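Engineer: what shape does this take:
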Amino acid sequence: MASKSRRRRRKSGGSSSNPNGASPTSVTLAPGSVPTDEQLEQEAAELEAELQERYDLAKKDGLDLTKLQKMKLEELLKLAKKEKVEDPGNLPKQKLVFEILRKRAEKAGLMMAEGTLEVMAEGFGFLRSPEYSYLPCADDVYVSPSQIRRFALRRGQVVKGLIRPPKEAETYFAMLRVEEVNGNPPKVLQTLPTFENLTPLHPNQRIQLELPDEPTRLEPRIIDMVTPLGFGQRALIVAPPRTGKTVILQQITHAIAKNHDDVHVIVLLIDERPEEVTDFKRNTPDRVEVVASTFDEEASRHIAISEIVMEKARRMVEFGQDVIILLDSITRLARGYNNAMSGSGKIGSGGVDNAALIKPKKFFGSARNIEDGGSLTIIGTALVDTGSRADEVIFEEFKGTGNAELHLDRKLVEKRVYPAIDIAASGTRREELLLDPQEHELITRLRKVVSDMNVVEAMELLRSRLAKTKSNGEFLMTMSMG
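Structural biologist: Model (predicted):
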């Protein structure tokens, strides 16, 4: 009987019309005690409009995090006074930017920010700024693990989006909405190829260094003939001490920035003197990104900035961009990895750990020309004749990995002949892919002429002939007529 009773109750319950599973209990509501559907819809629309208005305001506000980070200290102090930041004179620059940003965000509620994504082992990330050479700072923006997973964000991508100020007990500004990744809508990331899956080719498009409106600037003109460079080149500048490698790098940087507007140029200075970093920044066009770690910083710092720069460059190439990294120096980078090694137990000649060169080689090996568009060019200096056996070992390891070499020579410096380039020792593999056939023939003839001369005579001859012409083309034509 009990089972029949249960069956009857189930049948009775199922016969009532209640498709949503709602309670059958009846509740009488007094008029006005709850909002109507129309009221709720209107309020939701007003809230959405308010959020959109704040969002538009944040986008239109001329001052975002990136612009603040680029400001000089004097400009920041004036702005801090305007925003009523307490005791701004005693705050370091990064903290000053943070406080100004917080004050501005309190007014609008939201602000825009952009930075290079550094993903932590725990799954969350931060947007780092090239203005601080990607050092962790107070004004870094927190990116949650869910956002990283949702958009398939990768380390090194340049992320732009809407941020909010930190709430009570929070430390960082937080990303609310991802607007762009490397200048593209986030949805394109779902079909973006990885760097390792891109097809590498020999460089076949030339990087023009000669400056038509600056014919007296001979360094880029000489490099253009002696060691022509292409997009995707993996080039070494082999330099003994005090042979002018820094000046050569500055000249190359200046020429690339002037001749190739659409190329992203990064100068990476490792284990450098602070005054050299300042000099490089002041003698480099503003659009060039200069990232540096100085000799007084730990090896782990040298490694960290080199890796974030490499990842950023790779991500840009995945989007089809042309990127050029000028590295000074690959020797010091390898030293940094060697010093940071805990010891693999396989110490080679010169005290260099065999495992220490794996990642520097990966960095240098990232340079390539991509079949479907985009390229990563790396021009790195390698130190020789320093008196260090370790430096010689490092150079020997990298000597066969490049596809272009520019050799500097002490004999030229001793005679005060600049640029101190050894013409005979310098060259580019498969240079015929970069040069016009006639140009290639004439440069081959030039090499034959200087091959019997010593390095000083060869450079003096080339300098004197170039000084009489306004372009390399004119110089080579005079050679052909001669």
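
Engineer: flag every buried residue along the helix or strand hosting Met316.
Structural biologist: Met316 is part of helix 299-318 when elements are defined by DSSP states H and E. Residues 299, 301-318 are the ones in helix 299-318 that count as buried (16 or more other CB atoms under 10 Å). C-beta: built from backbone N, CA, C; applies to glycine.

Engineer: show me how far it is from its chain's centre.
Structural biologist: On the basis of CA atoms, centre = their mean, to the nearest Å, helix 299-318 sits 7 Å off its chain's mean C-alpha point.

Engineer: where do the strands sit along the stretch 1-150 of the chain?
Structural biologist: 111-119, 125-128, 141-143 (DSSP state E, counting those that start in this stretch).

Engineer: just send those strands back as CSV, with distance to Asn259 too.
Structural biologist: Putting the strands of the stretch 1-150 of the chain into CSV (distance: least, CB to CB, whole Å) gives the following:
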stretch, distance to Asn259
strand 111-119, 26
strand 125-128, 30
strand 141-143, 35
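
Engineer: select, out of the ones you listed, the one closest to Lys70.
Structural biologist: Evaluated over the strands of the stretch 1-150 of the chain, closeness to Lys70 peaks at strand 111-119, with 11.2 Å, by CB to CB.

Engineer: now do that closest one against helix 299-318, angle only.
Structural biologist: Orientation note: strand 111-119 sits at an angle of 110 degrees relative to helix 299-318 (axes from the mean of the first three to the mean of the last three CA atoms, to 10 degrees).

Engineer: elements contacting strand 111-119?
Structural biologist: Here strand 111-119 touches helix 37-60, helix 65-70, helix 93-108, strand 125-128, strand 141-143, strand 158-164, strand 173-181, helix 299-318, going by 3 or more CB pairs under 8 Å, 6 or more residues apart in numbering; DSSP states H and E.

Engineer: what strands flank the fifth one, and is each parallel or antiparallel?
Structural biologist: What it means is strand 141-143. Based on DSSP bridges, the pairing partners of strand 141-143 within the sheet are strand 125-128 (antiparallel), strand 173-181 (parallel).

Engineer: what are the contacting residues of that strand?
Structural biologist: By CB atoms under 8 Å, 6 or more residues apart in numbering, the surrounding residues in contact with strand 141-143 are 65, 113, 115, 117, 124-127, 153, 159, 163, 172-175.

Engineer: and the strands paired with strand 141-143, which one's lowest on average pLDDT?
Structural biologist: In terms of mean pLDDT, the lowest-scoring of the strands paired with strand 141-143 is strand 173-181 (a mean of 86).

Engineer: distance from the chain centre to the helix or strand following that strand, please.
Structural biologist: Helices and strands here follow DSSP H and E; after strand 173-181, the next one along the chain is strand 200-201. How far strand 200-201 lies from its chain's middle: 21 Å, per CA atoms, centre = their mean.

Engineer: check contacts around Pro360.
Structural biologist: 330, 333-334, 337, 398.

Engineer: excluding its backbone neighbours, what's nearest it?
Structural biologist: Counting by CB to CB, 6 or more residues apart in numbering, Pro360 lies nearest to Ala334, which is 4.4 Å off, once chain neighbours are set aside.

Engineer: the one you found falls within a strand, correct?
Structural biologist: No: according to DSSP: H, G, I helix; E, B strand; the rest coil, the state of Ala334 is helix, so it is not within a strand.

Engineer: that one: neighbour count?
Structural biologist: Ala334 has 27 neighbours, counted by other CB atoms under 10 Å.

Engineer: Arg447 too?
Structural biologist: 16.

Engineer: so where's this protein shaky on pLDDT?
Structural biologist: Per-residue confidence for the chain (pLDDT under 70) gives these ranges: 1-64, 105-109, 342-346, 348-350, 480-482.

Engineer: rewinding a little: of all the contacts of Pro360, which two lie farthest apart?
Structural biologist: Of all pairs drawn from the contacts of Pro360, the greatest distance, 12.8 Å, lies between Tyr337 and Phe398 (CB to CB).

Engineer: thinking again about what came up before, mean neighbour count and distance to His254 for the strands of the stretch 1-150 of the chain - can I get that in TSV?
Structural biologist: TSV is the format used below for those (neighbours: other CB atoms under 10 Å; distance: least, CB to CB, whole Å):
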stretch	mean neighbour count	distance to His254
strand 111-119	22	24
strand 125-128	24	27
strand 141-143	22	33
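
Engineer: nearest to Ser375, out of the ones you listed?
Structural biologist: Of all the strands of the stretch 1-150 of the chain, strand 111-119 sits nearest to Ser375, with 19.7 Å by CB to CB.

Engineer: more crowded one of Tyr337 and Phe398?
Structural biologist: For Tyr337 and Phe398, the more surrounded residue by other CB under 10 Å is Tyr337, and the numbers stand at 23 against 20.
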